[in-house]
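Visitor: Build me a model:
(chains A and B)
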Protein chains: 2
Amino acid sequence: MISQTVEYALRAIVTIAQHEGQPCTAQQISKITQVPAPYLSKLMQGLVRAGLTNSQRGLHGGFVLTRKPAEMSILEVVDAVDPIQRIRECPLGISTHGSHLCPLHQRLDRAMEMVEKLFRETTVADVLAEPGSVTPLCAEKKLMMVKMNLAKQKPATTKKRPKTKKKG
Amino acid sequence: MISQTVEYALRAIVTIAQHEGQPCTAQQISKITQVPAPYLSKLMQGLVRAGLTNSQRGLHGGFVLTRKPAEMSILEVVDAVDPIQRIRECPLGISTHGSHLCPLHQRLDRAMEMVEKLFRETTVADVLAEPGSVTPLCAEKKLMMVKMNLAKQKPATTKKRPKTKKKG
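Guide: Down below sits the predicted model:
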């Protein structure tokens, strides 16, 4: 019911939101979300086009959210990449039905309406953390943050010193 | 959100149910539901395997429901052809999450749970007709019933008169 495209786009948005304003490169997002780079690239284009993320160029460039996570709904993310297809007219093109749906299509549309409503009422902030719950994508994220912090601590020119010391 | 496979299978079940116990051939179902014959054939195999329809062979053979429409849920039809994929474990395989979903996957699973519940509580009888509503697939169905009645009125040995070709 929920496409891979939607699942991947939500993972990407959550990852960027977790970086709290610090730009997140496509490579980092791909690693954390486990989304293949070419697929992610397409998704990010859609999210930028929809005005949900900005792409900043340069040395410390990357993707950032255009709004606070609490001001962005899950539905906006879904709509940017694979919108929920509501049934507005008879899918069989029966002229006497038109926009007056039969009970079958009414029920199918009601299912989609319910999902749409849930996603509209859920913000990105809502899925970032809930008390007593695990953090989305946390294992990969923690690993990545450790690597990023290590990289920051080192001066750009520092070379690895070969390990020679042995205590024994 | 609702796959074409699900939509087509529901159309087929509704069509058979509308025939009220009278066997419905694959050709008739294909015509009424606007589902291409090879696609329909695959779907019908799934519905027979799931025990929702029986296939009766012979001159007046065709598909019939194995139960009354009021005793068959929409969810059973969906499950027979393209089951709703609930999220039971972390889709990213994060070992610390396991079956304890993060808020993102909790929400996605909640959406699917809601749809599953709606479909479980809706029977085939529910979507056949509702007061003041249009009948599912009615235009094609009426046309088909007229043709079937006309065919019944003709003796079995009647042959089609060859069409005289128009040359232009």
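
Visitor: what about the strands in chain A?
Guide: A:53-56, A:62-65 (DSSP state E).

Visitor: The last one: how far from the chain's middle?
Guide: Relative to the centre of its chain, strand A:62-65 is centred 11 Å away, using C-alpha atoms, centre = their mean, to the nearest Å.

Visitor: Check the first one too.
Guide: From the chain centre to the centre of strand A:53-56 is a distance of 13 Å (C-alpha atoms, centre = their mean).

Visitor: in that strand, what's buried?
Guide: Neighbour-count burial for strand A:53-56 flags residue A:53 (criterion: 16 or more other C-beta atoms under 10 Å in any protein chain shown). Every C-beta, even on glycine, is put in place using the N, C-alpha and C of the backbone.

Visitor: now swap in the last one and tell me
Guide: Applying a neighbour-count criterion of 16+ other C-beta under 10 Å, one finds A:62, A:63, A:64, A:65 buried in strand A:62-65.

Visitor: Report the beta-bridge partners for the last one.
Guide: Which is residue A:65. Counting by DSSP bridges, residue A:65 is bridged to residue A:53.

Visitor: who's in contact with it?
Guide: Contacts for residue A:65 (C-beta atoms under 8 Å, 6 or more residues apart in numbering or on different chains) come out as A:13, A:16, A:17, A:21, A:52, A:53, A:54, A:72, A:124.

Visitor: Can you report how many residues neighbour the first one?
Guide: This points to residue A:13. Neighbourhood size, residue A:13 [other C-beta atoms under 10 Å in any protein chain shown]: 28.

Visitor: Residue A:125 is in contact with that one, correct?
Guide: No. Checked against C-beta atoms under 8 Å, the pair residue A:13 and residue A:125 is beyond contact range at 11.1 Å.

Visitor: Poorly predicted segments of chain A, please.
Guide: Within chain A, the stretches with pLDDT under 70 are A:93-99, A:129-168.

Visitor: Residue for residue, what is the longest helix it has?
Guide: Longest helix of chain A, by residue count under DSSP state H: helix A:103-121.

Visitor: same for that helix, what does it pack against?
Guide: Applying 3 or more C-beta pairs under 8 Å, 6 or more residues apart in numbering or on different chains; DSSP states H and E, one finds that helix A:103-121 contacts helix A:74-81, helix B:4-18, helix B:103-120, helix B:124-128.

Visitor: Reformat those helices into CSV and put distance to residue A:3 next to each item.
Guide: Below are the helices and strands packed on helix A:103-121 laid out as CSV (distance: least, C-beta to C-beta, whole Å):
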stretch, distance to residue A:3
helix A:74-81, 8
helix B:4-18, 13
helix B:103-120, 11
helix B:124-128, 25
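
Visitor: What is the neighbour count of residue A:8?
Guide: Residue A:8: 21 neighbours (other C-beta under 10 Å).

Visitor: Not counting sequence-adjacent ones, nearest residue to it?
Guide: Closest residue to residue A:8 apart from its sequence neighbours, by C-beta to C-beta, 6 or more residues apart in numbering or on different chains: residue A:35 at 4.7 Å.

Visitor: Quick one: neighbours of the one you found, just the number.
Guide: Residues lying near residue A:35 (other C-beta under 10 Å) number 24.

Visitor: Return the residues in contact with it.
Guide: Residues near residue A:35 by C-beta under 8 Å, 6+ apart: A:8, A:11, A:12, A:29, A:43.

Visitor: Would you check how far apart the nearest residue to the last one once chain neighbours are set aside and residue B:84 are?
Guide: So that's residue A:43. Sequence neighbours aside, residue A:9 is the residue nearest to residue A:43 in space, at 5.1 Å (criterion: C-beta to C-beta, 6+ apart). Distance, residue A:9 to residue B:84, using C-beta to C-beta, to the nearest Å: 20 Å.

Visitor: cool, and residue A:34?
Guide: According to C-beta to C-beta, residue A:34 and residue B:84 sit 23 Å apart.

Visitor: Please say which of the two ends up with more neighbours.
Guide: Neighbour count, other C-beta under 10 Å: between residue A:34 and residue B:84, residue B:84 has more, with 18 against 15.

Visitor: what's near enough to touch that one?
Guide: With C-beta under 8 Å, 6+ apart, residue B:84 has these contacts: A:1, B:75, B:78, B:112, B:115, B:116, B:119.

Visitor: The first one: neighbouring residues, count only.
Guide: Read it as residue A:1. Neighbour tally, residue A:1, other C-beta under 10 Å: 21.
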